[in-house]
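Colleague: okay, structure incoming, though there's no sequence with it:
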């Protein structure tokens, strides 16, 4: 049933052949919570299975409805996305009995390892500069210009007035900080005065630019850094487009594997943006389908690009642009929405890995309805597999045939 109201649910739960279990599957956590409370009110004690994205909401559902099994949709989806970002030969990466294991394309289970591509060229200084935001670029540019002016003034002092190197640096710093130039500079040659005038005017402009950019960096909302963990990675990173629950969790898992990440998010008020800032994950604001943003994020030097927003068409738009910018780059696509056209898109161009969330969630819910509790559900082509505690892997199609037989 799609969004039934109280009047539609009441006869199904209270009259005739009443169900033994009710499964509530929704993309909206609040809607799922509402239906869980409604079903519990109409049929207290009935077995409930509810899918939830947000962990806080999941905890509230589990607390309010004790007879409810809460399935974390993020926990179900991210292992397949994570594996596709790490290695195209893997289907899922998940923690089983305290160990991080990976499911391969043939259905076997191995310890999870991160392959390193030593052949990928690192980004140059110009590429790193282009990855900075506007205020960071201004800060770096003005600082470099001021340092250059300082060096030129010191060099001129040594050449024209034969100052010792430390005196030349001191006099140059006096002029740069507008304390004043040396009195003997007034008796210097004409060419020196003209050149020094140009340097002083340039220093005046650069000091203003440096001050403004420093204030902006200090008081503004910093989503990327110049150095450190919040800087846009140089190489072997994963570009995550879409900062929802799935995107944030994917970034956290990638970082735990030692893989750097950068996020592109179009919504300046995204709910997970403060959490990304708290975890020092670099975020670039803008549309993921913008080729200039993808180049700024270092698509040519990245390990993979993962388009994981909740909109299927938006993810495909990102994939198309990424293909145009870097034809051989690995692309991971989250699919399974109501507006998905993944099958049609596969006939037009190669998509590196498509994670069909609807199939994964559907199979996971079906397993729990049948009384099974798999650690993870993953896809290998058209087949659906479940990973159980202890490392046991089962083809769900064969298991379904056996159960029906």
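Modeller: Looks like it came in fine. Since the structure is predicted, the reported quantities are computational estimates derived from the model, not experimental observations. Residues are numbered from 1 along each chain as shown.
Colleague: the closest residue in space to residue 285 that isn't next to it in sequence: what secondary structure?
Modeller: Leaving out its chain neighbours, the residue that sits closest to residue 285 by CB to CB, 6 or more residues apart in numbering is residue 268, at 5.8 Å. C-betas here are computed from N, CA, C, even on glycine. Following DSSP: H, G, I helix; E, B strand; the rest coil, we place residue 268 in the coil state.
Colleague: tell me the SS of residue 239?
Modeller: Three-state assignment for residue 239 (three-state DSSP): strand.
Colleague: what's the pLDDT at residue 2?
Modeller: pLDDT recorded at residue 2 is 74.
Colleague: distance of it from residue 395?
Modeller: 30 Å (CB to CB, to the nearest Å).
Colleague: show me which of the two is the more surrounded one.
Modeller: A count of neighbours by other CB atoms under 10 Å puts residue 395 above the other of residue 2 and residue 395, at 14 against 4.
Colleague: beta partners of that one?
Modeller: residue 385 (DSSP bridges).
Colleague: report the contact partners of it.
Modeller: 107, 383, 384, 385 (CB atoms under 8 Å, 6 or more residues apart in numbering).
Colleague: quick one, what contacts the third one?
Modeller: Remark: with contacts taken as CB under 8 Å, 6+ apart, residue 384 is in contact with 359, 360, 363, 377, 378, 395, 396, 397.
Colleague: mind redoing it with 10 Å?
Modeller: 356, 359-360, 362-364, 366-367, 377-378, 394-397, 399-400 (CB atoms under 10 Å, 6 or more residues apart in numbering).
Colleague: after the worst-scoring helix or strand of the chain on mean pLDDT comes which helix or strand?
Modeller: Evaluated with mean pLDDT, DSSP states H and E, the helix-and-strand set of the chain has its lowest mean pLDDT in helix 342-348, which scores a mean of 54. Downstream of helix 342-348, the first helix or strand assigned by DSSP states H and E is strand 353-356.
Colleague: and that following strand, what's buried?
Modeller: Using 16 or more other CB atoms under 10 Å as the test for burial, strand 353-356 gives 353, 354, 355, 356.
Colleague: which element is the residue nearest to the first one when sequence neighbours are not counted on?
Modeller: Taking CB to CB, 6+ apart as the measure, residue 353 lies nearest to residue 84, with 3.7 Å between them; neighbours along the chain are not counted. Per DSSP H and E: residue 84 is located in helix 73-86.
Colleague: next SSE downstream of that helix?
Modeller: Using DSSP H and E, the helix or strand that follows helix 73-86 in sequence is strand 90-96.
Colleague: picking that back up, rebuild the contacts of residue 395 as TSV, extending it with distance to residue 146 and pLDDT.
Modeller: Shown next, in TSV, are those (distance: CB to CB, whole Å; pLDDT from 0 to 100):
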residue	distance to residue 146	pLDDT
107	60	80
383	62	86
384	61	88
385	60	88
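Colleague: could you identify the most distant pair in those?
Modeller: Using CB to CB, the contacts of residue 395 span at most 11.1 Å, a distance reached by 107 and 384.
Colleague: in stretch 2-22, which residues are buried?
Modeller: 9, 12, 13, 22.
Colleague: do the same with stretch 148-165
Modeller: Within stretch 148-165, the residues that count as buried by 16+ other CB under 10 Å are 149, 150, 152, 153, 154, 156, 157, 158, 160, 161, 163.
Colleague: possible to save the residues you listed as a markdown table with pLDDT?
Modeller: Output for these, formatted as a markdown table (pLDDT from 0 to 100):
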| residue | pLDDT |
| --- | --- |
| 149 | 86 |
| 150 | 86 |
| 152 | 86 |
| 153 | 83 |
| 154 | 84 |
| 156 | 81 |
| 157 | 79 |
| 158 | 80 |
| 160 | 79 |
| 161 | 76 |
| 163 | 78 |
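Colleague: looking at those residues, which is nearest residue 316?
Modeller: For the buried residues of stretch 148-165, the nearest to residue 316 is residue 149 (49.5 Å; CB to CB).
Colleague: contacts only, for that closest one.
Modeller: 172, 175, 176, 198, 199, 200, 202, 203, 206, 207.
Colleague: ok, now with 7 Å
Modeller: Each residue near residue 149 by CB atoms under 7 Å, 6 or more residues apart in numbering is listed here: 176, 199, 202, 203.
Colleague: which of these are buried, as a ChimeraX select command?
Modeller: Burial among the contacts of residue 149 is assessed by 16+ other CB under 10 Å; the matching ChimeraX selection reads:
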select :176,199,203
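Colleague: just flag the most distant two among the contacts of residue 149.
Modeller: Farthest pair in the contacts of residue 149 (CB to CB) is 176 and 202. Separation: 10.4 Å.
Colleague: the stretch 251-400 of the chain: strands as residue ranges?
Modeller: Taking DSSP state E, counting those that start in this stretch as the test, the strands found in the stretch 251-400 of the chain are 261-265, 283-285, 304-307, 331-335, 353-356, 376-380, 383-388, 392-395.
Colleague: which of those strands sits closest to residue 212?
Modeller: Comparing the strands of the stretch 251-400 of the chain by CB to CB, strand 283-285 comes nearest, at 20.2 Å.
Colleague: what strands line up against the closest one, and which way round?
Modeller: Taking DSSP bridges as the criterion, strand 283-285 sits next to strand 261-265 (parallel) in its sheet.
Colleague: I appreciate the help and will end here.
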